[in-house]
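Participant: Sequence first, predicted model second:
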Amino acid sequence: MSRYRPPQKPSAKYISAEGERALKAELHQLWKVERPKVTQSVSEAAALGDRSENAEYIYGKKRLREIDRRVRYLSKRLEEVTVVSRAPDDTSRVYFGAWVSLEDDAGLDQRYRLVGPDEIDPKRDYISIDSPLGRALLGKGVDAEVEIDSPTGRKCFIITDIAYPT
């Protein structure tokens, strides 16, 4: 059995202004607040002597690596994303940032917002434009029928409303 994994598809390079603020806040928190605290605790633990059996030192170094990895990712991601801060010219179609109301076969209404992969939040009904449903919705208008293949089978939705945040 090999360890080969096919490369992941590149994720969308779009983010809302709200999402950009959240990523910048996380980066600031990690770099200016959390990392200095962890660095201080690691230096204090190192001063105690034997580092090979010093749990505080070992876990502190591990936490520093985790913080540095996330900081590198956030810095790189913030450089490559495009901030979408206004609604598209054609607001009658589904594009990035739209709130979309859907009705399924059973007549149940659902409402989702299409966001970038960095902003996904199921609790707030934010879905990625890279998801199967997100890709199926892009470019469609009100009363359009959308079909997707899900793990539970084929699902059909009808778009009942499209709105963009102001």
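Facilitator: Ah, there it is.

Participant: for His28, helix, strand, or coil?
Facilitator: The three-state label given to His28 by DSSP: H, G, I helix; E, B strand; the rest coil is helix.

Participant: Got phi/psi on Tyr112?
Facilitator: phi -130, psi 150 (degrees, to the nearest 10).

Participant: Now do the buried residues in the longest helix along the chain.
Facilitator: Counting by DSSP state H, the longest helix found in the chain is helix 55-80. Neighbour-count burial for helix 55-80 flags 57, 60-61, 63-64, 67, 71, 74, 77 (criterion: 16 or more other Cβ atoms under 10 Å). Just so you know, the C-beta spots here come from the backbone N, C-alpha and C atoms, and that holds for glycine as well.

Participant: Could you do stretch 117-132 as well?
Facilitator: Per 16+ other Cβ under 10 Å, stretch 117-132 contains these buried residues: 117-119, 126-130.

Participant: ok, and what's touching that stretch?
Facilitator: Contacting residues not belonging to stretch 117-132 are listed as 9, 11-12, 14-16, 18-19, 22-23, 77, 81, 96, 110-116, 133-135, 138, 148-150 [Cβ atoms under 8 Å, 6 or more residues apart in numbering].

Participant: and if we set it to 10 Å?
Facilitator: Contact with stretch 117-132 is made by 9-16, 18-20, 22-23, 74, 77-78, 81, 94-100, 110-116, 133-135, 137-138, 148-150, 155, as judged by Cβ atoms under 10 Å, 6 or more residues apart in numbering.

Participant: Mind telling me what element Arg111 is part of?
Facilitator: strand 109-115 (DSSP states H and E).

Participant: Look at Ala87 and say how many residues are nearby.
Facilitator: 15 (other Cβ atoms under 10 Å).
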